[in-house]
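>>> make a model of this:
(chains A and B)
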Amino acid sequence: MTLDQLKIGRAATVTKIFSTNAERRRLLDLGILPGTRIENVMPSPLGDPVAYRIRSAVVALRREQARLIEIEE
Amino acid sequence: MQAAETMTAKECGGCTTGCNSAHLTKLGINADKFDFVIALAGNPNTGKSTIFNQLTGLRQHVGNWAGKTVARAEGAFDFNDKKYKLVDLPGTYSLLSTSVDEEIARDFVLFAKPDVTIIVADATRLERNLHLVLQILEITDHAVLALNLIDEARRNNLTIDERALSRALGIPVVPLAARRNEGIAELLTAVESVANGGFPTRPRRIKYTDAALESAVDNLSRQLNETFEDVPNARWVALRLIEGDESIIKAVREKTLGTLRISKQFDFPQRLAQLEAR
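Numbers count the residues shown, from 1 in each chain, chains lettered A, B, ... in the order given. The predicted model follows:
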(Lines give C-alpha, C1' and ligand atoms only; values in the text may rest on other atoms or scores of the structure.)
Protein backbone atom coordinates (compact mmCIF):
# COMPACT_ATOMS: atom_id res chain seq x y z
CA MET A 1 0.00 0.00 0.00
CA THR A 2 1.03 3.63 -0.26
CA LEU A 3 1.36 6.29 2.44
CA ASP A 4 -1.83 8.15 1.48
CA GLN A 5 -3.79 5.06 2.55
CA LEU A 6 -2.34 5.02 6.08
CA LYS A 7 -5.08 5.63 8.67
CA ILE A 8 -4.84 8.36 11.33
CA GLY A 9 -2.87 7.19 14.37
CA ARG A 10 -1.34 4.23 12.50
CA ALA A 11 2.36 3.76 11.83
CA ALA A 12 4.12 1.89 9.04
CA THR A 13 7.56 1.33 7.53
CA VAL A 14 8.60 2.87 4.24
CA THR A 15 9.59 0.22 1.68
CA LYS A 16 10.07 2.18 -1.54
CA ILE A 17 10.01 5.74 -2.85
CA PHE A 18 8.72 6.18 -6.39
CA SER A 19 9.22 9.94 -6.71
CA THR A 20 12.15 11.15 -8.77
CA ASN A 21 14.66 13.99 -9.02
CA ALA A 22 14.20 17.03 -6.77
CA GLU A 23 11.05 15.59 -5.24
CA ARG A 24 12.88 12.40 -4.26
CA ARG A 25 15.87 14.37 -3.00
CA ARG A 26 13.53 16.43 -0.82
CA LEU A 27 11.96 13.35 0.77
CA LEU A 28 15.39 11.86 1.47
CA ASP A 29 16.54 15.17 2.99
CA LEU A 30 13.51 15.12 5.28
CA GLY A 31 14.61 11.68 6.49
CA ILE A 32 12.11 9.58 4.53
CA LEU A 33 13.89 6.55 3.15
CA PRO A 34 13.29 2.80 2.95
CA GLY A 35 13.14 1.44 6.50
CA THR A 36 11.94 4.69 8.08
CA ARG A 37 8.98 4.45 10.49
CA ILE A 38 6.26 6.91 9.63
CA GLU A 39 3.05 7.71 11.49
CA ASN A 40 -0.08 9.50 10.34
CA VAL A 41 -0.55 12.16 13.05
CA MET A 42 -3.50 14.14 11.72
CA PRO A 43 -5.03 15.56 8.56
CA SER A 44 -5.30 19.28 7.86
CA PRO A 45 -8.83 20.75 7.96
CA LEU A 46 -9.36 20.04 4.28
CA GLY A 47 -7.85 16.56 4.49
CA ASP A 48 -4.84 17.39 2.35
CA PRO A 49 -1.98 17.77 3.29
CA VAL A 50 -1.60 15.27 6.13
CA ALA A 51 0.85 15.61 9.05
CA TYR A 52 3.19 12.65 9.46
CA ARG A 53 5.68 11.95 12.23
CA ILE A 54 9.11 11.03 10.89
CA ARG A 55 12.13 10.61 13.18
CA SER A 56 10.36 12.61 15.92
CA ALA A 57 9.65 15.55 13.62
CA VAL A 58 6.22 16.31 12.15
CA VAL A 59 6.18 16.88 8.42
CA ALA A 60 3.22 17.75 6.18
CA LEU A 61 2.97 15.88 2.90
CA ARG A 62 0.47 16.38 0.10
CA ARG A 63 -1.59 13.43 -1.03
CA GLU A 64 0.17 13.36 -4.40
CA GLN A 65 3.52 13.06 -2.58
CA ALA A 66 2.26 10.42 -0.13
CA ARG A 67 0.92 8.37 -3.02
CA LEU A 68 4.48 7.87 -4.28
CA ILE A 69 5.72 6.38 -1.00
CA GLU A 70 5.18 2.65 -0.59
CA ILE A 71 4.72 1.40 2.97
CA GLU A 72 4.18 -1.79 4.91
CA GLU A 73 2.19 -1.85 8.17
CA MET B 1 41.82 26.81 30.48
CA GLN B 2 38.73 24.75 29.80
CA ALA B 3 37.78 24.80 33.49
CA ALA B 4 38.25 28.56 33.67
CA GLU B 5 35.93 29.08 30.72
CA THR B 6 33.29 26.89 32.28
CA MET B 7 33.53 28.85 35.50
CA THR B 8 33.01 32.09 33.61
CA ALA B 9 29.94 30.69 31.95
CA LYS B 10 28.45 29.67 35.30
CA GLU B 11 29.21 32.96 37.02
CA CYS B 12 27.82 34.84 34.11
CA GLY B 13 24.82 32.60 33.52
CA GLY B 14 22.18 35.02 34.66
CA CYS B 15 23.74 38.05 33.04
CA THR B 16 21.39 39.93 30.76
CA THR B 17 23.15 43.25 30.45
CA GLY B 18 25.56 43.40 27.58
CA CYS B 19 27.75 40.36 27.84
CA ASN B 20 27.36 36.65 28.22
CA SER B 21 30.93 35.92 29.14
CA ALA B 22 33.71 38.03 30.58
CA HIS B 23 35.49 37.96 27.23
CA LEU B 24 32.59 38.64 24.89
CA THR B 25 31.81 42.08 23.51
CA LYS B 26 28.81 42.35 21.26
CA LEU B 27 29.53 44.60 18.33
CA GLY B 28 26.15 44.70 16.59
CA ILE B 29 26.46 45.27 12.86
CA ASN B 30 29.90 46.82 13.08
CA ALA B 31 31.67 44.10 11.08
CA ASP B 32 34.76 45.86 9.74
CA LYS B 33 38.27 44.49 10.02
CA PHE B 34 37.55 41.09 11.47
CA ASP B 35 39.99 38.30 12.22
CA PHE B 36 37.63 35.40 11.54
CA VAL B 37 34.43 34.80 9.59
CA ILE B 38 31.94 32.48 11.25
CA ALA B 39 28.86 31.02 9.54
CA LEU B 40 25.73 29.81 11.30
CA ALA B 41 24.10 26.94 9.44
CA GLY B 42 21.45 24.39 10.33
CA ASN B 43 17.95 23.08 9.78
CA PRO B 44 15.10 25.57 9.90
CA ASN B 45 13.84 26.44 13.38
CA THR B 46 16.84 25.25 15.38
CA GLY B 47 17.68 28.65 16.89
CA LYS B 48 20.38 29.98 14.56
CA SER B 49 19.04 33.51 14.80
CA THR B 50 18.73 33.26 18.59
CA ILE B 51 22.43 32.39 18.77
CA PHE B 52 23.16 35.15 16.27
CA ASN B 53 21.37 37.71 18.44
CA GLN B 54 23.03 36.45 21.64
CA LEU B 55 26.47 36.85 20.12
CA THR B 56 26.03 40.13 18.28
CA GLY B 57 23.55 41.87 20.58
CA LEU B 58 21.31 42.46 17.59
CA ARG B 59 17.59 41.88 17.84
CA GLN B 60 16.85 42.46 14.26
CA HIS B 61 15.22 39.31 13.25
CA VAL B 62 13.43 36.86 15.39
CA GLY B 63 10.46 34.87 14.34
CA ASN B 64 9.22 31.37 14.10
CA TRP B 65 8.46 30.87 10.48
CA ALA B 66 10.17 29.22 7.58
CA GLY B 67 12.33 31.33 5.34
CA LYS B 68 12.77 34.22 7.76
CA THR B 69 16.49 34.48 7.18
CA VAL B 70 16.44 34.55 3.42
CA ALA B 71 19.55 36.27 2.36
CA ARG B 72 21.55 38.42 4.64
CA ALA B 73 22.18 38.71 8.31
CA GLU B 74 25.64 39.75 9.36
CA GLY B 75 26.92 40.94 12.67
CA ALA B 76 30.06 40.98 14.73
CA PHE B 77 31.44 40.27 18.16
CA ASP B 78 34.74 40.39 19.93
CA PHE B 79 36.00 37.41 21.94
CA ASN B 80 39.38 37.21 23.69
CA ASP B 81 40.67 40.19 21.69
CA LYS B 82 39.79 38.71 18.32
CA LYS B 83 37.11 40.17 16.14
CA TYR B 84 34.63 37.80 14.55
CA LYS B 85 32.20 38.45 11.74
CA LEU B 86 29.10 36.28 12.10
CA VAL B 87 26.89 35.36 9.14
CA ASP B 88 23.45 33.88 9.79
CA LEU B 89 22.52 31.59 6.90
CA PRO B 90 19.02 30.53 5.88
CA GLY B 91 17.82 27.33 7.53
CA THR B 92 17.94 24.32 5.23
CA TYR B 93 17.42 20.57 5.37
CA SER B 94 20.05 19.92 2.75
CA LEU B 95 22.83 21.52 0.73
CA LEU B 96 21.86 19.77 -2.47
CA SER B 97 20.09 22.72 -4.02
CA THR B 98 16.39 22.19 -4.23
CA SER B 99 15.77 25.84 -3.34
CA VAL B 100 17.37 29.27 -3.42
CA ASP B 101 17.87 29.11 0.36
CA GLU B 102 19.89 25.95 0.09
CA GLU B 103 22.01 27.34 -2.69
CA ILE B 104 22.80 30.46 -0.66
CA ALA B 105 23.79 28.42 2.37
CA ARG B 106 25.84 25.99 0.29
CA ASP B 107 27.59 28.68 -1.75
CA PHE B 108 28.62 30.47 1.39
CA VAL B 109 30.04 27.43 3.18
CA LEU B 110 31.67 26.09 0.03
CA PHE B 111 32.94 29.18 -1.76
CA ALA B 112 33.23 31.95 0.79
CA LYS B 113 35.03 29.50 3.08
CA PRO B 114 34.19 30.77 6.55
CA ASP B 115 36.91 30.11 9.13
CA VAL B 116 34.42 28.16 11.22
CA THR B 117 30.89 26.98 10.46
CA ILE B 118 28.68 26.59 13.51
CA ILE B 119 26.15 23.88 12.68
CA VAL B 120 23.10 24.39 14.85
CA ALA B 121 21.08 21.24 15.54
CA ASP B 122 17.86 20.70 17.47
CA ALA B 123 18.88 18.37 20.30
CA THR B 124 15.34 16.99 20.49
CA ARG B 125 15.41 15.93 16.83
CA LEU B 126 19.01 14.96 16.54
CA GLU B 127 18.69 12.05 14.13
CA ARG B 128 16.97 14.19 11.56
CA ASN B 129 19.44 17.06 12.03
CA LEU B 130 22.53 14.88 11.62
CA HIS B 131 21.82 14.54 7.91
CA LEU B 132 22.71 18.18 7.29
CA VAL B 133 25.63 17.94 9.73
CA LEU B 134 27.22 15.23 7.60
CA GLN B 135 26.55 17.17 4.41
CA ILE B 136 28.28 20.23 5.80
CA LEU B 137 31.21 18.13 6.99
CA GLU B 138 31.57 16.93 3.38
CA ILE B 139 32.42 20.46 2.28
CA THR B 140 34.28 22.00 5.18
CA ASP B 141 36.86 20.88 7.72
CA HIS B 142 36.23 23.65 10.19
CA ALA B 143 32.98 23.18 12.01
CA VAL B 144 31.46 23.08 15.48
CA LEU B 145 28.19 21.35 16.30
CA ALA B 146 25.91 23.42 18.56
CA LEU B 147 23.32 21.15 20.14
CA ASN B 148 20.68 23.77 20.78
CA LEU B 149 17.43 23.40 22.73
CA ILE B 150 19.23 21.14 25.18
CA ASP B 151 16.87 22.44 27.91
CA GLU B 152 13.94 21.08 25.96
CA ALA B 153 15.76 17.79 25.42
CA ARG B 154 16.33 17.51 29.17
CA ARG B 155 12.66 18.17 29.79
CA ASN B 156 11.88 15.25 27.49
CA ASN B 157 14.34 13.06 29.44
CA LEU B 158 16.75 12.91 26.54
CA THR B 159 20.43 12.75 27.38
CA ILE B 160 23.03 13.13 24.68
CA ASP B 161 26.56 11.81 25.00
CA GLU B 162 28.19 14.83 23.44
CA ARG B 163 31.72 13.50 23.90
CA ALA B 164 30.94 10.32 21.97
CA LEU B 165 29.21 12.42 19.32
CA SER B 166 32.24 14.69 19.11
CA ARG B 167 34.55 11.70 18.63
CA ALA B 168 32.27 10.21 15.98
CA LEU B 169 31.97 13.45 14.02
CA GLY B 170 35.52 14.69 14.54
CA ILE B 171 34.44 18.20 15.54
CA PRO B 172 33.66 19.89 18.89
CA VAL B 173 30.09 19.38 20.11
CA VAL B 174 28.62 21.94 22.50
CA PRO B 175 25.22 21.54 24.19
CA LEU B 176 23.42 24.83 24.66
CA ALA B 177 20.15 26.55 25.40
CA ALA B 178 20.67 29.78 23.49
CA ARG B 179 17.47 31.48 24.62
CA ARG B 180 18.63 31.11 28.26
CA ASN B 181 22.17 32.09 27.42
CA GLU B 182 23.35 28.67 28.58
CA GLY B 183 26.42 27.24 26.84
CA ILE B 184 27.21 30.37 24.83
CA ALA B 185 30.63 30.82 26.47
CA GLU B 186 31.50 27.16 25.80
CA LEU B 187 30.41 27.59 22.18
CA LEU B 188 32.69 30.60 21.79
CA THR B 189 35.62 28.70 23.27
CA ALA B 190 35.01 25.83 20.84
CA VAL B 191 34.74 28.23 17.88
CA GLU B 192 37.94 29.93 18.93
CA SER B 193 39.81 26.63 19.22
CA VAL B 194 38.72 25.53 15.74
CA ALA B 195 39.53 28.98 14.27
CA ASN B 196 43.06 29.03 15.69
CA GLY B 197 43.74 25.35 15.13
CA GLY B 198 43.75 24.42 18.81
CA PHE B 199 41.17 21.72 18.11
CA PRO B 200 42.36 19.61 15.16
CA THR B 201 39.10 18.71 13.44
CA ARG B 202 38.82 15.38 11.63
CA PRO B 203 35.39 15.56 10.03
CA ARG B 204 33.63 12.30 9.35
CA ARG B 205 33.31 11.75 5.62
CA ILE B 206 31.44 9.12 3.69
CA LYS B 207 33.76 6.65 2.02
CA TYR B 208 32.58 5.08 -1.19
CA THR B 209 33.62 1.50 -1.75
CA ASP B 210 32.75 1.44 -5.45
CA ALA B 211 36.04 1.47 -7.38
CA ALA B 212 34.42 2.72 -10.60
CA LEU B 213 32.85 5.64 -8.75
CA GLU B 214 36.09 6.52 -6.99
CA SER B 215 38.06 6.54 -10.23
CA ALA B 216 35.40 8.68 -11.92
CA VAL B 217 35.55 11.11 -9.00
CA ASP B 218 39.36 11.26 -9.17
CA ASN B 219 39.29 11.82 -12.90
CA LEU B 220 36.72 14.61 -12.66
CA SER B 221 38.45 16.25 -9.68
CA ARG B 222 41.68 16.39 -11.64
CA GLN B 223 39.97 18.02 -14.61
CA LEU B 224 38.21 20.49 -12.32
CA ASN B 225 41.48 21.45 -10.72
CA GLU B 226 43.04 21.96 -14.16
CA THR B 227 40.13 24.06 -15.45
CA PHE B 228 39.39 26.16 -12.40
CA GLU B 229 41.99 27.81 -10.28
CA ASP B 230 41.76 26.83 -6.68
CA VAL B 231 38.40 24.99 -6.60
CA PRO B 232 37.53 24.86 -2.91
CA ASN B 233 36.50 21.21 -2.83
CA ALA B 234 36.92 19.54 -6.22
CA ARG B 235 35.89 16.14 -4.89
CA TRP B 236 32.58 17.49 -3.65
CA VAL B 237 31.96 19.31 -6.93
CA ALA B 238 32.82 16.10 -8.86
CA LEU B 239 30.29 14.11 -6.83
CA ARG B 240 27.59 16.68 -7.57
CA LEU B 241 28.38 16.50 -11.29
CA ILE B 242 28.04 12.73 -11.24
CA GLU B 243 24.80 13.08 -9.31
CA GLY B 244 23.46 15.48 -11.95
CA ASP B 245 23.12 18.61 -9.77
CA GLU B 246 21.91 21.14 -12.34
CA SER B 247 23.20 24.28 -10.65
CA ILE B 248 26.71 22.83 -10.39
CA ILE B 249 26.63 21.52 -13.98
CA LYS B 250 25.61 25.00 -15.13
CA ALA B 251 28.35 26.68 -13.08
CA VAL B 252 30.96 24.34 -14.57
CA ARG B 253 29.63 24.70 -18.12
CA GLU B 254 29.59 28.48 -17.92
CA LYS B 255 32.87 28.53 -16.04
CA THR B 256 31.32 30.56 -13.25
CA LEU B 257 32.37 28.11 -10.57
CA GLY B 258 35.37 30.23 -9.60
CA THR B 259 33.45 33.49 -9.59
CA LEU B 260 31.33 32.20 -6.74
CA ARG B 261 34.44 32.09 -4.63
CA ILE B 262 34.40 35.67 -3.53
CA SER B 263 36.18 34.81 -0.31
CA LYS B 264 35.12 36.70 2.81
CA GLN B 265 33.44 39.36 0.64
CA PHE B 266 30.46 37.15 -0.19
CA ASP B 267 27.71 39.45 -1.41
CA PHE B 268 24.36 37.96 -0.40
CA PRO B 269 22.05 40.41 -2.19
CA GLN B 270 24.06 40.00 -5.37
CA ARG B 271 24.00 36.21 -5.15
CA LEU B 272 20.28 36.22 -4.41
CA ALA B 273 19.68 38.43 -7.46
CA GLN B 274 21.79 36.06 -9.58
CA LEU B 275 19.81 33.05 -8.45
CA GLU B 276 16.47 34.74 -8.90
CA ALA B 277 17.37 35.92 -12.38
CA ARG B 278 17.68 32.34 -13.58
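>>> what about stretch B:193-210, start to end distance?
End-to-end distance of stretch B:193-210 (CA to CA, to the nearest Å): 36 Å.
>>> what pLDDT, on average, does that stretch get?
Here stretch B:193-210 scores 90 as its mean pLDDT.
>>> how many neighbours does residue 58 have?
Picking chain A for this. Number of residues near A:Val58 (other CB atoms under 10 Å in any protein chain shown) recorded here: 12. C-beta: built from backbone N, CA, C; applies to glycine.
>>> sorry, should have said chain B
B:Leu58: 22 surrounding residues under other CB under 10 Å.
>>> ok, it - contacts?
Taking CB atoms under 8 Å, 6 or more residues apart in numbering or on different chains, we find B:Leu58 in contact with B:26, B:28-29, B:52, B:75.
>>> from the residues you listed, which has minimum pLDDT?
Minimum pLDDT for the contacts of B:Leu58 is recorded at B:Ile29 (66).
>>> where's whichever residue of the stretch 51-200 of chain B sits closest to chain A, which helix or strand?
Here the stretch 51-200 of chain B gets closest to chain A at one residue, B:Ser94, 3.8 Å apart by CB to the nearest CB. In this assignment (DSSP states H and E), B:Ser94 forms part of neither any helix nor any strand.
>>> longest single helix anywhere in chain B?
helix B:211-227 (DSSP state H).
>>> what's the closest non-adjacent residue to B:Lys82?
Excluding its sequence neighbours, the residue lying closest to B:Lys82 (CB to CB, 6 or more residues apart in numbering or on different chains) is B:Asp35, at 4.5 Å.
>>> re earlier: show me how to select, in ChimeraX, the buried members of the contacts of B:Leu58.
Command for ChimeraX that selects the buried part of the contacts of B:Leu58, burial taken from 16 or more other CB atoms under 10 Å in any protein chain shown:
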select /B:26,52,75
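>>> just the contacts of B:Leu58: which are in helices?
Per DSSP H, those map to helices at B:Phe52.
>>> just put the contacts of B:Leu58 in JSON lines and tack on distance to B:Lys82.
Formatted as JSON lines, these follow (distance: CB to CB, whole Å):
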{"residue": "B:Lys26", "distance to B:Lys82": "14"}
{"residue": "B:Gly28", "distance to B:Lys82": "17"}
{"residue": "B:Ile29", "distance to B:Lys82": "18"}
{"residue": "B:Phe52", "distance to B:Lys82": "18"}
{"residue": "B:Gly75", "distance to B:Lys82": "15"}
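>>> ok, the contacts of B:Leu58 vs A:Arg37, which is closest?
When these are compared for distance to A:Arg37 (CB to CB), B:Phe52 wins out at 34.1 Å.
>>> skipping its backbone neighbours, what lies nearest the closest one in space?
Leaving aside its chain neighbours, B:Phe52 sits nearest to B:Asp88 (4.3 Å; criterion: CB to CB, 6+ apart).
>>> surely the one you found meets B:Ala76?
No - shown here, B:Asp88 and B:Ala76 do not form a contact pair, counting by CB atoms under 8 Å, at 12.0 Å.
>>> if you count what's nearby, which of the two comes out ahead?
Using other CB under 10 Å, the more surrounded residue of B:Asp88 and B:Ala76 is B:Asp88, with 28 against 23.
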